[in-house]
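*Asks:* just a sequence and a predicted model for now, questions to come.
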Amino acid sequence: MKRYLFIIASITYLGSAPVLAQAPFEPKQIRLVLGAAAGQDYDVWARLIGRHIQRRLPSNPPVVTVNMPGAGHLIATNWLYNAAPRDGSVWGMVSRNAPSQAFLKAPAAKFDPLRFIWIGSPELTNRGCFAMTSSGVTQAKQLFSQELVVGGTGAGSAVSQTPALLNGLLGMKFKTIEGYQKPQDIVRAMESGEISAICQTVQSFMRERPHWFTTGLAKLLFTLERKPVTGLGVPTIYEFAETEDQRKVLDFYSASIELGRPIFLPPEVPEDRVDIIRKAFAATMDDKEFRDEAERLKLDVTPRSGEELQELIYAASTTEKRIMELTAKLTGGSIN
């Protein structure tokens, strides 16, 4: 009987014990894992942010960039979702196209974008297709009658998916040569005459070879936004869409552009740590030293918050299933 009373007393004591407070967020190091290879725009942005955000974080931890390229950024995205620590010490920056790959049930996408915790993006980009003038294709309308050879960086990447989508959806005549590791390799192949075109972000291409436009060596044929981009003087791809379903597919595909260069955390990071990291990101985007260095690197700081990114990703997830199915079919994915 005495033993029984002792057990009851022990349970009562344990049940009334105060819950220990979580340890303060004072990381010794932050790992920023990228789906991009070294030297790509994602890599340049990540290293720039890493150099400046550490002084906005408790304990001023060094931010180490870890490149994990492959499968259109899906290797890194899968690792961040399934294996990365969930304590706020590991962050991710992957292709803006990765969430749509999960929604389209791409076989290699082993993650749920709605469970990631989105921190923000430093840049709002535009996407388009570019051609060397020597190819003979200088206007978008010519793509319905004349073949244009473009470079690709593999399944899951917008560089490869954009021409595939436009071939199947609108009847354009892109011929894609795969096997390039990163967009910069494609640009060099264009320079050597190996191929004639690339589909990627406008900002990246114009930073890579700005003189091609001033000298007329290359042309931007169109952009993928619904409305024409001010100052570019080219049509939007929507001008060539004839049906409502075509426009809906373009809406879903182009929604990823709005994500910019997304930074996020694995699922289940404690809310107080998320708040600290989001505030550090926002403060960095407004930091004069950060903006001055971005300007020297010819990077435009046009940030979006983590809350804005989460809203965009949720909106994309609610797209009609038949539109997702059509998009998956056209881009080489599958959806159950």
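*Replies:* That came in fine, so what should we check first?
*Asks:* residue contacts, the spatially most central residue of the chain?
*Replies:* For the chain, the residue sitting closest to the mean C-alpha position, by Cα atoms, centre = their mean, is Arg96 at 2.0 Å. Neighbouring residues of Arg96 by Cβ atoms under 8 Å, 6 or more residues apart in numbering: 125, 158, 256-262. (Glycine included, C-beta is placed from N, CA and C.)
*Asks:* compute the first-to-last residue distance for stretch 89-99.
*Replies:* Its first and final residues considered, stretch 89-99 spans 22 Å by Cα to Cα, to the nearest Å.
*Asks:* for the record, mean pLDDT for that stretch?
*Replies:* Mean per-residue pLDDT for stretch 89-99: 95.
*Asks:* return the distance of stretch 127-142 from the chain's centre.
*Replies:* Remark: stretch 127-142 is offset 25 Å from the chain centroid, using Cα atoms, centre = their mean, to the nearest Å.
*Asks:* that stretch: which residues count as buried?
*Replies:* 127-132, 135, 137, 140, 142 (16 or more other Cβ atoms under 10 Å).
*Asks:* from these, pick the one nearest Thr318.
*Replies:* Arg127 (22.0 Å; Cβ to Cβ).
*Asks:* who touches stretch 113-120?
*Replies:* 80-81, 91-92, 98-99, 102-103, 262-267, 269, 274, 277-278, 281-282, 285, 303-310, 313-314, 317.
*Asks:* buried among these? Need that as a selection in PyMOL.
*Replies:* Restricted to buried positions by 16+ other Cβ under 10 Å, the PyMOL selection for the contacts of stretch 113-120 reads:
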select buried, resi 80+81+91+92+98+99+102+103+262+263+264+265+266+267+269+274+277+278+281+282+285+303+304+305+306+308+309+310+313
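*Asks:* buried ones in stretch 53-66?
*Replies:* Quick answer for stretch 53-66 (16+ other Cβ under 10 Å): 53-54, 56-57, 61, 63, 65.
*Asks:* on that earlier part again, please name the nearest non-neighbouring residue to the residue nearest to the centre of the chain.
*Replies:* Nearest non-adjacent residue to Arg96, counting by Cβ to Cβ, 6 or more residues apart in numbering: Leu259, 3.9 Å away.
*Asks:* hang on, the earlier thing: gap between the residue nearest to the centre of the chain and Gln200?
*Replies:* Arg96 is 12 Å from Gln200, where distance means Cβ to Cβ, to the nearest Å.
*Asks:* now for those two: what residues contact both?
*Replies:* Ala158.
*Asks:* so of the buried residues of stretch 53-66, which ones are in strands?
*Replies:* Judged by DSSP state E, the buried residues of stretch 53-66 include 63, 65 as members of strands.
*Asks:* as CSV, the buried residues of stretch 53-66 with distance to Glu325 and pLDDT would be great.
*Replies:* Below are the buried residues of stretch 53-66 laid out as CSV (distance: Cβ to Cβ, whole Å; pLDDT from 0 to 100):
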residue, distance to Glu325, pLDDT
Ile53, 40, 98
Gln54, 44, 95
Arg56, 43, 96
Leu57, 43, 96
Pro61, 44, 96
Val63, 40, 98
Thr65, 37, 97
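*Asks:* okay, the buried residues of stretch 53-66 in TSV with distance to Val149 next?
*Replies:* Putting those into TSV (distance: Cβ to Cβ, whole Å) gives the following:
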residue	distance to Val149
Ile53	41
Gln54	44
Arg56	46
Leu57	46
Pro61	46
Val63	40
Thr65	33
